[in-house]
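Visitor: Sharing a sequence plus its predicted fold:
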Amino acid sequence: MQRTAQDLAEWLAARGGIAHRRDTLRAGFTVPLLRRLVGMGRVEAIRRAWLALPAADAELVAAARAGGRVSCLTLARRRNWWMPEGVDAGIHLHLTPGSRSPQGDACVRHWNLPIAPVASTTLAATVEDALAHVALCLPHDLALVVWESASRTEGLAADYLRGVRWRSLAARELSADVMGLSDSGLETLLVVPLRRWGLRVRQQVVLRARPVDLLVGERLVIQVDGWEFHSSSAQRAKDIAHDAELRLRGYTVLRFGYAQIVYDRAGVEAIIRRAVAAGLHRAA
């Protein structure tokens, strides 16, 4: 069955509007058809290797034009890893040393050999390479937020991340710190300073049949409400009831919201310090 221009448009659209010429030919589209559509302006040929629709994914097109792959914070956002607001700017690309890449755009370029094998016909870096680039783009604490989220989202065990042959000290330090237990990056933003204070902090400990976000010492529970903040009033009622049950059993429960942790972390840390100073984290 001969493939048509409409078939190509639909096939490309399912791939973000852009695909490698080699994959296009493997899918059964003929060279004369591709040449005709490029000549008509219905498909754009990029660097003689990529074919893109006019409405193709702008980040993937930028990667194709640069001869690289989307990576770092760009890939993190595309894969729904949790990131604090305001840290993502521009398009981050992974390019191999020695490759030719036109300048003049606003893209952030990471030049290094891939850590993990990647096909030449893909425009996305590997998870491992993206994490390596995040380690160099963000301060340690914020990078750890992204790493923790990637660990959960991608199903990467902390032991696996520690076993990767990272090339930078920043990445090696992050692999040593990642736990893979945070439900959201907000938890990580609190765990890091608490552990630096020398406190024993455990995540997702089950108390009274439900997990709590953080357990500091033996008796201080910290619950974190993410930006989506509960799917229903029924869920909120269950959280309040669980908090009350824990208090009746001798736990101190502190609950913080997204805005507090992201925009007033110093204030949140001050409250936790006061609770620790009062010995509320210790068993009676």
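Guide: Received it, and whenever you're ready, just let me know what you need.

Visitor: use CA for all of it now, contacts and neighbours both
Guide: Noted.

Visitor: for the stretch 151-284 of the chain, what spans make up the strands?
Guide: For the stretch 151-284 of the chain, the strands defined by DSSP state E, counting those that start in this stretch cover 201-207, 210-216, 220-225, 252-257.

Visitor: Determine which of those strands approaches V61 most closely.
Guide: Closest to V61 of those, according to C-alpha to C-alpha: strand 220-225, at 36.9 Å.

Visitor: Just name the most buried of the strands of the stretch 151-284 of the chain.
Guide: For the strands of the stretch 151-284 of the chain, the largest average neighbour count (mean count of other C-alpha atoms under 10 Å) is found in strand 220-225, namely a mean of 21.

Visitor: Could you list the paired strands of it along with their orientation?
Guide: If you go by DSSP bridges, strand 220-225 pairs up with strand 210-216 (antiparallel), strand 252-257 (parallel).

Visitor: Pipe those strands into TSV and attach mean pLDDT and distance to G98 per row.
Guide: TSV is the format used below for these (pLDDT from 0 to 100; distance: least, C-alpha to C-alpha, whole Å):
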stretch	mean pLDDT	distance to G98
strand 210-216	93	46
strand 252-257	93	47
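
Visitor: so which of the ones you listed comes closest to A124?
Guide: strand 210-216 (32.6 Å).

Visitor: For the closest residue to A52 other than its chain neighbours, give its distance to G155.
Guide: Distances taken as C-alpha to C-alpha, 6 or more residues apart in numbering place I18 nearest to A52, at 4.2 Å, with adjacent residues excluded. Relative to G155, I18 is positioned 28 Å away (C-alpha to C-alpha, to the nearest Å).

Visitor: Look at those two and report which has more neighbours.
Guide: Set side by side, I18 and G155 show more neighbours around I18, with 29 against 10, by other C-alpha atoms under 10 Å.

Visitor: sec struct for R77, please.
Guide: helix (DSSP: H, G, I helix; E, B strand; the rest coil).

Visitor: Run a quick neighbour tally on it.
Guide: Residues lying near R77 (other C-alpha under 10 Å) number 14.

Visitor: Going forward, count from 568.
Guide: Right, with 568 as the first residue, what we last looked at is R644.

Visitor: measure it to E754 for me?
Guide: For R644, the distance to E754 (C-alpha to C-alpha) stands at 19 Å.

Visitor: Same check on W714?
Guide: 13 Å.

Visitor: quick one: which of the two has more around it?
Guide: Between W714 and E754, W714 has the larger neighbour count (other C-alpha under 10 Å), namely 33 against 22.

Visitor: pLDDT on the helix or strand the more buried one falls within, on average?
Guide: Here W714 sits within helix 707-721, counting by DSSP states H and E. The pLDDT scores in helix 707-721 average 91.

Visitor: That helix: which residues count as buried?
Guide: 707-719 (16 or more other C-alpha atoms under 10 Å).

Visitor: Confirm R632 sits in a strand?
Guide: No. R632: not assigned to a strand; according to three-state DSSP it is helix.

Visitor: Wait, it touches I613, no?
Guide: Yes. With contacts counted by C-alpha atoms under 8 Å, R632 reaches I613, the gap being 6.3 Å.

Visitor: related to what we said a few turns ago, let's have the strands paired with strand 787-792 in TSV, adding distance to R841.
Guide: TSV is the format used below for the strands paired with strand 787-792 (distance: least, C-alpha to C-alpha, whole Å):
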stretch	distance to R841
strand 777-783	13
strand 819-824	12
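
Visitor: which non-adjacent residue is nearest H700?
Guide: Using C-alpha to C-alpha, 6+ apart, the closest residue to H700 is C639 (5.0 Å).

Visitor: mind listing what that neighbour touches?
Guide: If you count contacts by C-alpha atoms under 8 Å, 6 or more residues apart in numbering, C639 has them with 659-660, 696-701, 704.

Visitor: can you check D810 too?
Guide: The contact partners of D810, by C-alpha under 8 Å, 6+ apart, come to V820.

Visitor: low-confidence ranges in the stretch 568-717 of the chain?
Guide: 568, 655, 671 (pLDDT under 70).

Visitor: again, only this time at 80
Guide: 568-569, 651-656, 667-672 (pLDDT under 80).

Visitor: which ones are touching the residue nearest the centre of the chain?
Guide: In the chain, the residue lying closest to the centroid (C-alpha atoms, centre = their mean) is W648, at 2.5 Å. For W648, the contacting residues are 713, 716-717, 720, by C-alpha under 8 Å, 6+ apart.
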